[in-house]
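A.B. asks: Provide a 3D model corresponding to the input given below.
(6 chains)
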Protein chains: 4
Amino acid sequence: MASLPNSHESKQAAILVAALDIFGRDGFADGNVDEIAQRAGVAKPTIYNRFGDKRALFVAAMKLGMAQANERVMAAVQAMNPRPADLRTELEALGAALGTCMTSAEGGAIVRVQVADAARFPELAGDNQRELHIDALAGKLAQLIATGQLRAVDPQLAARQFMVLTTAEALNRSGYGRKPLPRPVLEEIVAAGVDTFLAAFGKDRP
Amino acid sequence: MASLPNSHESKQAAILVAALDIFGRDGFADGNVDEIAQRAGVAKPTIYNRFGDKRALFVAAMKLGMAQANERVMAAVQAMNPRPADLRTELEALGAALGTCMTSAEGGAIVRVQVADAARFPELAGDNQRELHIDALAGKLAQLIATGQLRAVDPQLAARQFMVLTTAEALNRSGYGRKPLPRPVLEEIVAAGVDTFLAAFGKDRP
Amino acid sequence: MASLPNSHESKQAAILVAALDIFGRDGFADGNVDEIAQRAGVAKPTIYNRFGDKRALFVAAMKLGMAQANERVMAAVQAMNPRPADLRTELEALGAALGTCMTSAEGGAIVRVQVADAARFPELAGDNQRELHIDALAGKLAQLIATGQLRAVDPQLAARQFMVLTTAEALNRSGYGRKPLPRPVLEEIVAAGVDTFLAAFGKDRP
Amino acid sequence: MASLPNSHESKQAAILVAALDIFGRDGFADGNVDEIAQRAGVAKPTIYNRFGDKRALFVAAMKLGMAQANERVMAAVQAMNPRPADLRTELEALGAALGTCMTSAEGGAIVRVQVADAARFPELAGDNQRELHIDALAGKLAQLIATGQLRAVDPQLAARQFMVLTTAEALNRSGYGRKPLPRPVLEEIVAAGVDTFLAAFGKDRP
DNA sequence: AATGAATGAGTGTTCATTCAT
DNA sequence: TATGAATGAACACTCATTCAT
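C.D. replies: Coordinates of the predicted model:
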């Protein structure tokens, strides 16, 4: 039994992970606190002692899930080389990374629950990740503009359109993360999205 | 007694309309059959007599809602003039019409519930409207291609990207139909989408 | 099966009787709705359908219990002959009747619950029976005063003191209705109370 | 370490005081051990270490409360001058003191809880204070009889009736200690009680 | 065909009590 | 000895569903 280092924190984490699983699968209304407790390996009152009620548990789990998703998306954006040898290839890699984030089981679950339930939870309103992602991506695109690799356009707008051209389509095709999107399909979607993006914002027009 | 208009069929309709309201607002799990019955002005067993159980009621209501949404989208697509005087203006009108469909209270509700619940209802899988809309739009774009108003591209792909460039962004901005999207915002989104679309698929490149 | 005449009303009654039993025995906080349902022979939701929640059930049961107790007390008071052959005997009969009401299992239970819980239920404040009883008794005593059988005193005051001299002592001795008060003990208490009452309010002073 | 005054014993006391407060306000069933611990400034297990379980805590707290109430009542009784200049005045002072004891917040709480819960706690049966009070008062009245200030009656009986004539009425009027009884009202009640008491047991009859 | 009333099976939540430190 | 944290057992209340009329 080498791995119960910190009972308290590890239980907190186990509860949140379990809650994220269950709420991600079943949504808020159908998410069952009993099942969360069982999956987390704790008694139900432990959950209530820590989080107060189901709503607060949901909020905490969603905040965690959103933070994780956020981190993955941010990492994908930051991984882009602002001075790539080949811009198209670089953007395709970025698009594929973003699409993977959104259509993964966890990412899709977060999106689904946000669409379905989040409006009822004002506590979650501030955490809207989408705008953060757009901002981060816009920053990168601004670099590409600055270095002359993209035309001088509004980077926010370009970022938004890059997002929908890659991830919106992928989300729809993956059933919002419920069925895994085969890699080739994702790549095809992304390639087409990048084509259009570059047609609109790229420099290399004869 | 020539079958009062306000009898069997009208009750059926009232139930479905009420169910669509409630499920659209609360989702499947939180949608309350009692409230549906009350809003429809019928007794609860009437609903069960007609529809069997909550699932079947949900499916029937969603089918109705999807059909209605479908009709509106199809009308918007069909309204496009395949030989427009000004293509950009025509596409902007189309995009605005589509965006309006999706971000209306009813349209948004349908989308939300589909994202959240529909996967659990295989009965609804066949009715996926999105593919129908894409197909219809692709047909129109094929006409534009045939008449040389657009470049010779895959009309399915063009249709998909037209969709995401206009409606995906609008959906996000309207909170999936929960907060009304001001018309100017919609128009700005659509104009930018059409810009990009035309940059990628339009003919008029110097 | 001759005795299920009116399912609806008889269920209502059964629930209230059961609730009165249980709440009378256990008080509000410890009274168990499950047990009430079981004893009433109905399902728990039937109780909630009819009464809304535990508080409302308690209030309804207490109102019933108080009305019943009230009726018994009022009957005892009204049974007093305002022109008795022997005043002392008549008052002793009255006192015994009142004492019996208060120290019976049902009467005592009502008093206990009122003392313990009623303050938390403003809905019950208006139904305070004690004042009604005092008033009724005062009316009778006023008759005795009018006919010269008692001295000319404040009938309200006399009524109050008659009450405490007979029932307060009996209540204490019976453990507020929890242990039955042997009839001779009751009679002794009442006789002493009447003695004192007549010493203070009676006419026949040498 | 000369046993800080604020240690073991003071915690014991704090727990009992808190328990008395809470149980007095809410009764046994609704009394919350968490709240008691919090109010006493100790952790919950401390209570369980000391008292074993909620029942035992209740019993201990009630014993304390009853002892305190007892002390106050006894003091009131003992304060009576057995050879008063004016008997009526003396008895009125006694009655007012007793009434104040019973209708004070603490005294009323004890009475309420005894009525509501005490029967379930055989451990408390022996401590019934009422009989002690009666006995003490009877002792005083016996002195008054011995000195010819009251007629030769059974002092126990006289004590009981003195009690109900003063405190029973006051208890009822104060909602068993829940609403403070204005001093003039108390005095009026007591004066009337003493009137009747003296009519029955006093010497000075023409 | 329609309904008022009833119900079985949960579900969130609480609370007295105990474990581990 | 004192405590932060955990838990088993219950409890009030709800809801989809069905019965009887």
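A.B. asks: where along chain A do the helices fall?
C.D. replies: Using DSSP state H, the helices of chain A run over A:7-30, A:33-40, A:44-51, A:54-78, A:87-103, A:105-117, A:129-146, A:155-163, A:169-173, A:183-201.
A.B. asks: Of all these, which one comes closest to residue C:133?
C.D. replies: With Cβ to Cβ as the measure, helix A:44-51 is the member of the helices of chain A nearest residue C:133 (47.3 Å). Heads up, the C-betas are built off the backbone N, CA and C, glycines and all.
A.B. asks: Show me what that closest one packs onto, helices and strands only.
C.D. replies: Contacts defined by 3 or more Cβ pairs under 8 Å, 6 or more residues apart in numbering or on different chains; DSSP states H and E place helix A:44-51 against helix A:7-30, helix A:33-40, helix A:54-78.
A.B. asks: Just send these back as a markdown table, with mean pLDDT and distance to residue A:172 too.
C.D. replies: Below are the helices and strands packed on helix A:44-51 laid out as a markdown table (pLDDT from 0 to 100; distance: least, Cβ to Cβ, whole Å):
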| stretch | mean pLDDT | distance to residue A:172 |
| --- | --- | --- |
| helix A:7-30 | 92 | 18 |
| helix A:33-40 | 97 | 29 |
| helix A:54-78 | 95 | 18 |
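A.B. asks: Now do the same contact list for the residue nearest to the spatial centre of chain A.
C.D. replies: Residue closest to the average C-alpha location in chain A (Cα atoms, centre = their mean): residue A:69, at 3.9 Å. If you count contacts by Cβ atoms under 8 Å, 6 or more residues apart in numbering or on different chains, residue A:69 has them with A:101, A:106-107, A:110, A:129.
A.B. asks: before we move on, what about residue A:92?
C.D. replies: Residue A:92 touches A:187, A:190-191, A:194, counting by Cβ under 8 Å, 6+ apart.
A.B. asks: Could I get the contacts of residue A:69 in a markdown table, plus columns for pLDDT and distance to chain D?
C.D. replies: Putting the contacts of residue A:69 into a markdown table (pLDDT from 0 to 100; distance: Cβ to the nearest Cβ, whole Å) gives the following:
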| residue | pLDDT | distance to chain D |
| --- | --- | --- |
| A:101 | 94 | 44 |
| A:106 | 92 | 37 |
| A:107 | 93 | 41 |
| A:110 | 93 | 36 |
| A:129 | 81 | 38 |
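A.B. asks: quick check, nearest of those residues to chain C?
C.D. replies: Taking Cβ to the nearest Cβ as the measure, chain C lies nearest residue A:110 of these, at 36.7 Å.
A.B. asks: Figure out which of the helices of chain A is closest to residue D:151.
C.D. replies: helix A:44-51 (65.8 Å).
A.B. asks: what comes into contact with the closest one?
C.D. replies: By Cβ under 8 Å, 6+ apart, the surrounding residues in contact with helix A:44-51 are A:11-12, A:15, A:33-34, A:36-37, A:40, A:57, A:60.
A.B. asks: follow-up on the earlier one: what's the separation between the residue nearest to the centre of chain A and residue B:82?
C.D. replies: Between residue A:69 and residue B:82 the distance is 42 Å, computed by Cβ to Cβ, to the nearest Å.
A.B. asks: How about residue A:38?
C.D. replies: 59 Å.
A.B. asks: Could you do residue A:108 as well?
C.D. replies: From residue A:108 to residue B:82 the distance is 37 Å (Cβ to Cβ).
A.B. asks: what about those two, which has more around it?
C.D. replies: Ranked by neighbour count (other Cβ atoms under 10 Å in any protein chain shown), residue A:108 and residue B:82 place residue A:108 first, with 25 against 14.
A.B. asks: Which residue, other than its chain neighbours, is closest to that one?
C.D. replies: residue A:177 (1.1 Å; Cβ to Cβ, 6 or more residues apart in numbering or on different chains).
A.B. asks: so for stretch A:45-52, what's the average pLDDT?
C.D. replies: Mean pLDDT, stretch A:45-52: 96.
A.B. asks: same question, stretch A:167-184
C.D. replies: On average, stretch A:167-184 scores 93.
A.B. asks: Run through who's touching that stretch.
C.D. replies: A:95, A:98-99, A:101-109, A:111-112, A:115, A:185-186, A:189-190, A:193, B:115, B:119, B:130, B:160-161, B:164, B:168.
A.B. asks: That one spans what distance, first to last residue?
C.D. replies: End-to-end span of stretch A:167-184 (Cα to Cα, to the nearest Å): 15 Å.
A.B. asks: Would you mind listing the buried residues in that stretch?
C.D. replies: A:167-178, A:181 (16 or more other Cβ atoms under 10 Å in any protein chain shown).
A.B. asks: Pick the one among these closest to DNA strand E.
C.D. replies: residue A:178 (21.4 Å; Cβ to the nearest atom of the strand).
A.B. asks: phi, psi of the residue nearest to residue A:108?
C.D. replies: For residue A:177, the backbone dihedrals (degrees, to the nearest 10) come out as phi 90, psi 0.
A.B. asks: Can you give me every residue that contacts residue A:110?
C.D. replies: Taking Cβ under 8 Å, 6+ apart as the test, what residue A:110 contacts is A:24, A:62, A:65-66, A:69.
A.B. asks: One more pass at 10 Å, please.
C.D. replies: A:20, A:23-24, A:62, A:64-66, A:68-70, A:101-102, A:104, A:118, A:129, A:176-177 (Cβ atoms under 10 Å, 6 or more residues apart in numbering or on different chains).
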